[in-house]
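[1] Structure, please.
(chains A, B, C and D)
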There are 2 protein chains.
Amino acid sequence: MNLSIAEENHIKSIYKLQEGDAVVTTNALAYELDTKPASVTDMAKKLKEKKLIEYEKYKGITLSADGRKAALQIVRRHRLWECFLVDKLSFSWEEVHELAEELEHVRSEKLTNRLSEFLGNPVIDPHGDPIPDANGKLVKPRPQTSLDQANAKRLVVTAVTDQSTALLAFLNAKGIKLGTQLEIMAHYEYDNSIEIKVKGQSPITISEQVAKNIMVRPL
Amino acid sequence: MNLSIAEENHIKSIYKLQEGDAVVTTNALAYELDTKPASVTDMAKKLKEKKLIEYEKYKGITLSADGRKAALQIVRRHRLWECFLVDKLSFSWEEVHELAEELEHVRSEKLTNRLSEFLGNPVIDPHGDPIPDANGKLVKPRPQTSLDQANAKRLVVTAVTDQSTALLAFLNAKGIKLGTQLEIMAHYEYDNSIEIKVKGQSPITISEQVAKNIMVRPL
DNA sequence: TTTATTATTTAGATTTGTCTAAATAATATT
DNA sequence: AATATTATTTAGACAAATCTAAATAATAAA
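    Alright, predicted model coming up:
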């Protein structure tokens, strides 16, 4: 099955939005791909034709077994290239996504596998996300860590360990709750405070104590 | 100036066929790109519009200064990726061209320059062709060598040192003359004979003596 | 449960890159 | 020079991927 770049991008985004088995909505996919809902509908018909997704009018999209396999290959290539860029070419976290976005579309199993070998068959990428192996097997989903020792840049809040009203009030005031997406802007060694940016807001600084009680996982 | 993949491929092929300053013909370019003359005409109009080529109806194509600059960047990327594939991922000569053909279209100067650095800023690629530097400067064109010690796979005949009628008759019979494109299929250590394939013909074996008198350079 | 709102799809258009078939220009042959 | 051949261009068509505007379905609100 030979996929175009557009088809690959759709498959990849469906995989991302599914997060397991959820049904993906036309609008959500259009937003994710920075395109229009009408375009997504067009593509959905095509991908259904190719048996890569399950799709019925107005009922949303899920990947078929074949679609999931394809998605995992694309994700594998993307994350391996990110490793390459960071480990070998000294790029930093935040620069690599865009480049990997292009490199991932070079569809050669031999290249992919040799690249993986060259990198020492890494199992997580620089953002903390797991890299599927050649058969599409993923290592167990990355465990959550407390925000103060997260090593990925973009995170999502999964839990808050201290349930004190004081902390919850603070988090509430800052617009932080379960599922909130954060970006780590800086660590300040002096007091281990962390500057974070909540999606769509301006950056704020939080103390080590607060950070220790916020559980996160890489986005 | 943001070029599409199709535009880049045309620019690159024009550069290749120009070999310095020759005028490139619509048919030759179509053949090189495995496309149709009508398509080349269409693209020529577009590239002229973008001021990357000089082109007048029925008068053939040459690169403009800007076009040459663009071509050199593409060639640089292509050849660096070939180095990477051979030096780091242990691919062999003949496998890398196709892959580099795809990788070359990732247009990021930063990536290109870091890759070059990572490889030790090589000046020739695995086929013996020079790699333009970040400014588009090429090291002196690779010197011709005799066919028996050529280390690149695809070659073009540049001279024949022995002018004996016997040799010329032999070459003539085999369809080999100045400008003929050859491909080395195998070296036989036993008697240093070489199996070569003339473009469009079936492979033939030539003796060391003949090979010593055919001068070639990498294609 | 009717109405308003939001989500999704359809219909038809657009852009890019390509093609075929026919027309025209350039070149070679007689 | 007239004619044949080859090279190139034009005209019109097509597929892929996208879009806008309008129509329709699903969902939420009154």
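[2] which residues touch A:V96?
    By Cβ atoms under 8 Å, 6 or more residues apart in numbering or on different chains, A:V96 lies in contact with A:81-82, A:85-86, A:126. Yep, even glycine has a C-beta here, placed from its N, CA and C like the rest.
[3] Inside helices: which ones of those residues?
    The members of those that map onto helices under DSSP state H are A:81-82.
[4] export the contacts of A:V96 to TSV and tack on neighbour count and distance to chain B?
    Formatted as TSV, these follow (neighbours: other Cβ atoms under 10 Å in any protein chain shown; distance: Cβ to the nearest Cβ, whole Å):
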residue	neighbour count	distance to chain B
A:W81	24	10
A:E82	26	12
A:L85	23	8
A:V86	19	11
A:P126	24	15
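[5] how about the contacts of A:V96 in a markdown table, adding pLDDT?
    Shown next, in a markdown table, are these (pLDDT from 0 to 100):
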| residue | pLDDT |
| --- | --- |
| A:W81 | 98 |
| A:E82 | 95 |
| A:L85 | 97 |
| A:V86 | 87 |
| A:P126 | 74 |
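[6] In the sheet, which strands lie alongside the helix or strand bottoming out on mean pLDDT in chain A, parallel or antiparallel?
    One helix or strand of chain A scores below all others by mean pLDDT, DSSP states H and E: strand A:154-160, with a mean of 80. Here strand A:154-160 is paired, per DSSP bridges, with strand A:181-188 (antiparallel), strand A:214-218 (antiparallel).
[7] Please identify the buried residues of the helix or strand where A:N172 lies?
    A:N172 is part of helix A:165-174, with elements assigned from DSSP states H and E. Within helix A:165-174, the residues that count as buried by 16 or more other Cβ atoms under 10 Å in any protein chain shown are A:167, A:171.
[8] that older thread, quick check, nearest of the contacts of A:V96 to B:T112?
    A:L85 (12.4 Å; Cβ to Cβ).
[9] Quick check: which ranges of chain A have low pLDDT?
    For chain A, the stretches flagged by pLDDT under 70 are A:93-94, A:128, A:141-142, A:163.
[10] how about the helices of it, start to end?
    Counting by DSSP H, the helices of chain A are A:5-18, A:26-32, A:37-49, A:65-83, A:93-103, A:109-118, A:165-174, A:208-213.
[11] Check which helices and strands the helix holding A:N172 sits against.
    If contacts are counted by 3 or more Cβ pairs under 8 Å, 6 or more residues apart in numbering or on different chains; DSSP states H and E, helix A:165-174 sits against strand A:154-160, helix A:208-213.
[12] hmm, back to that, kindly reformat the contacts of A:V96 as a markdown table containing distance to DNA strand D.
    Putting the contacts of A:V96 into a markdown table (distance: Cβ to the nearest atom of the strand, whole Å) gives the following:
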| residue | distance to DNA strand D |
| --- | --- |
| A:W81 | 21 |
| A:E82 | 22 |
| A:L85 | 24 |
| A:V86 | 28 |
| A:P126 | 27 |
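[13] With respect to A:N135, which of the contacts of A:V96 is nearest?
    So of the contacts of A:V96, ranked by how close each gets to A:N135 (Cβ to Cβ), first place is A:W81, at 19.1 Å.
[14] you'd agree that closest one is up against A:L103?
    Yes - between A:W81 and A:L103 there is a contact under Cβ atoms under 8 Å: 4.1 Å.
[15] And A:Q149, how far from A:K212?
    9 Å (Cβ to Cβ, to the nearest Å).
[16] Show me which of the two is the more surrounded one.
    A:K212 (15 against 10; other Cβ atoms under 10 Å in any protein chain shown).
[17] What spatial separation is found between that one and chain B?
    37 Å (Cβ to the nearest Cβ, to the nearest Å).
[18] Return the residues in contact with that residue.
    Neighbours of A:K212 in contact, by Cβ under 8 Å, 6+ apart: A:146-148, A:161.
[19] mind running it again at 6 Å?
    By Cβ atoms under 6 Å, 6 or more residues apart in numbering or on different chains, A:K212 lies in contact with A:146, A:148.
[20] cool, A:V75 as well?
    A:P132.
[21] distance between the helix holding A:N172 and the chain's centre?
    Helix A:165-174 sits 27 Å away from the centroid of its parent chain (Cα atoms, centre = their mean, to the nearest Å).
[22] gap between A:C83 and DNA strand D?
    Distance, A:C83 to DNA strand D, by Cβ to the nearest atom of the strand, to the nearest Å: 27 Å.
[23] picking that back up, mean neighbour count, the strands paired with strand A:154-160: which tops it?
    Stretch with highest mean neighbour count among the strands paired with strand A:154-160: strand A:214-218 (a mean of 22; mean count of other Cβ atoms under 10 Å in any protein chain shown).
[24] which residues are in contact with it?
    A:127-129, A:142, A:144, A:146-147, A:150, A:152, A:155, A:157-160.
[25] what about 10 Å?
    Contacts to strand A:214-218, defined as Cβ atoms under 10 Å, 6 or more residues apart in numbering or on different chains, come from residues A:124-130, A:141-162, A:167, A:171, A:176, A:178, A:180-182, A:184, A:194, A:196, A:206.
[26] Give the burial count for the nearest residue to A:A28 once chain neighbours are set aside, as a bare number.
    Nearest non-adjacent residue to A:A28, counting by Cβ to Cβ, 6 or more residues apart in numbering or on different chains: A:L17, 5.7 Å away. Applying other Cβ under 10 Å, we find 17 other residues in the vicinity of A:L17.
[27] Surely A:L17 touches A:L29?
    Yes - between A:L17 and A:L29 a contact is recorded at 6.5 Å, counting by Cβ atoms under 10 Å.
[28] so what sits against both of those two?
    By Cβ under 10 Å, 6+ apart, the residues touching both A:L17 and A:L29 are A:I61.
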